[in-house]
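# can't give you the sequence, but here's the structure:
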């Protein structure tokens, strides 16, 4: 199947596990997961709390501390509670996009609508879990009838639509990036696709950042006692 | 462009596994290491701060000790300087006393020497005068000096006033021995006879006259009666000469002393 025609790695079936078709999305996701877990394990098995640390540990500490600082910058009191969830979202999306931009024939799992929907669903489920664990069930549900019970349908629609927006924003950006590169390869197969790849690298990291920040903003708004206008503002910016 | 729900479910599952594994292998260990390092650095900082405080205290203690030592040093120096000044003054006083002692002894020695010199000079001069007079008289009158001395003495005895003669006679009456004629030279028999006659003329009576010799009379002859004496010798002349000489020497010594004191004052 031609790369220019194929819009998503879901269409590329690698093999069948019984009756289940295993697509490139899953295969590349597993590969990515393997690299991330293996890399983390290799570096963190020899951690030291001394002042002298290895390059790998330094690299991972910079990433982890950066994620924690970003979460803290949003006014969250205990960033370590959200860091694994938000950090994993960011790292999975960012590495998926970076690998797709740097490694030939690597299809970004985030270019699949199934993956982005899955990640958006995870956020969709995580928001009430965090909200209820912080404010209790009633406290969480009360926010849907605020400022007035008349707003209940609007709030529910808003909840669903922002999850859909999360999924489609990421999918659209990544899919369009790889589609453009595929098209340009057919039209101008020399230096121009490289520039587009570099642009894809940039937009890939930016999209990962936006996805993670929005997820954090939704969780923060659900866990906060007083609701702010932050989610809407952040979404407008995206 | 469609959603494959199997893939969606698989991806949710994948994500949850990834979340668990990363929490287990990435966030947990890294956060733990960072917290441990933070605690370690904090402890080291506190330790360093404690050491710094301790070092500051030590430094302050050292500074105080040094200041104390410097003060002691100054005090000791002042004390030593005062002691040195005292010692110097003592030494100067001692030296001055020694110099004054030496000067005093020197003056005494000088005086002694002067006296001895004058004595020797007088004797020498007496002898010389005797010799010169003898020679001169012998040359001029063809008579020796002794005869001339005897003649002059006899003349002198003859020239004594009555009061003097009375005194001599009274002395003779109270004396337990007779009159004595002492001469510096050997008298001839004639001279002895003339002298005895002259003595008897003065004293009256015919007492036996004893003749003695005494070099220190210096060309002189002396009549001794009891405690009284009538004499002629070069002594009287020499006494005058001696007085003149002593006066001259004292003047000289006084001038020398003044100049010496002036030099000593200039040295100080």
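On my side now, so go ahead. These numbers were taken from a predicted model, which means no experiment stands behind them.

# from here on, contacts and neighbour counts on C-alpha atoms
Noted.

# Find the helix or strand that the spatially most central residue of chain B is a member of.
Geometric centre of chain B, nearest residue: residue B:98, 1.6 Å, by CA atoms, centre = their mean. Taking DSSP states H and E as the criterion, residue B:98 maps to helix B:28-141.

# So that helix, near chain A or not?
Yes: using CA under 8 Å from any CA of the partner chain, helix B:28-141 comes into contact with chain A via B:29, B:30, B:31, B:33, B:34, B:36, B:37, B:40, B:41.

# Mind giving me the packing neighbours of that helix?
With contacts defined as 3 or more CA pairs under 8 Å, 6 or more residues apart in numbering or on different chains; DSSP states H and E, helix B:28-141 has these neighbours: helix A:55-73, helix B:145-158, helix B:235-267.

# For residue B:231, give me the pLDDT.
Reading off the confidence values, residue B:231 has pLDDT 81.

# What is the burial count for the closest residue to it other than its chain neighbours?
Leaving aside its chain neighbours, residue B:231 sits nearest to residue B:222 (4.0 Å; criterion: CA to CA, 6 or more residues apart in numbering or on different chains). Residue B:222 is flanked by 20 other residues according to other CA atoms under 10 Å in any protein chain shown.

# give me every residue that touches residue B:222.
With contact set as CA atoms under 8 Å, 6 or more residues apart in numbering or on different chains, residue B:222 has these partners: B:180, B:181, B:182, B:183, B:229, B:230, B:231, B:232, B:233.

# now with 7 Å?
Applying CA atoms under 7 Å, 6 or more residues apart in numbering or on different chains, we find residue B:222 in contact with B:181, B:182, B:183, B:229, B:230, B:231, B:232.

# Show me the beta-bridge partners of the third one.
Same thing as residue B:183. Applying DSSP bridges to residue B:183 gives these bridge partners: residue B:213, residue B:221.

# can you check the fifth one too?
Taking DSSP bridges, one finds residue B:223 as the beta-bridge partners of residue B:230.

# I'd like the distance between the residue nearest to the centre of chain B and residue B:84.
20 Å (CA to CA, to the nearest Å).

# May I ask which helix or strand encompasses residue A:195?
Secondary structure from DSSP H and E places residue A:195 in helix A:192-223.

# now that helix and helix A:55-73, what's the angle there?
With axes from the mean of the first three to the mean of the last three CA atoms, to 10 degrees as the basis, helix A:192-223 and helix A:55-73 are set at 50 degrees to each other.

# Do me a favour and average the pLDDT over stretch B:250-268.
Mean predicted confidence for stretch B:250-268 is 64.

# do stretch B:58-72 as well
95.

# before we move on, what about stretch A:216-231?
Mean predicted lDDT for stretch A:216-231 stands at 69.

# Equivalent analysis for stretch A:138-157, please.
87.

# what does that stretch contact?
Against stretch A:138-157 from outside (CA under 7 Å, 6+ apart): A:131, A:132, A:222.

# roughly how far is that stretch from the heart of the chain?
Relative to its parent chain, stretch A:138-157 has a centroid offset of 27 Å by CA atoms, centre = their mean, to the nearest Å.

# do stretch A:199-211 as well
With CA atoms, centre = their mean, you get 10 Å for stretch A:199-211.
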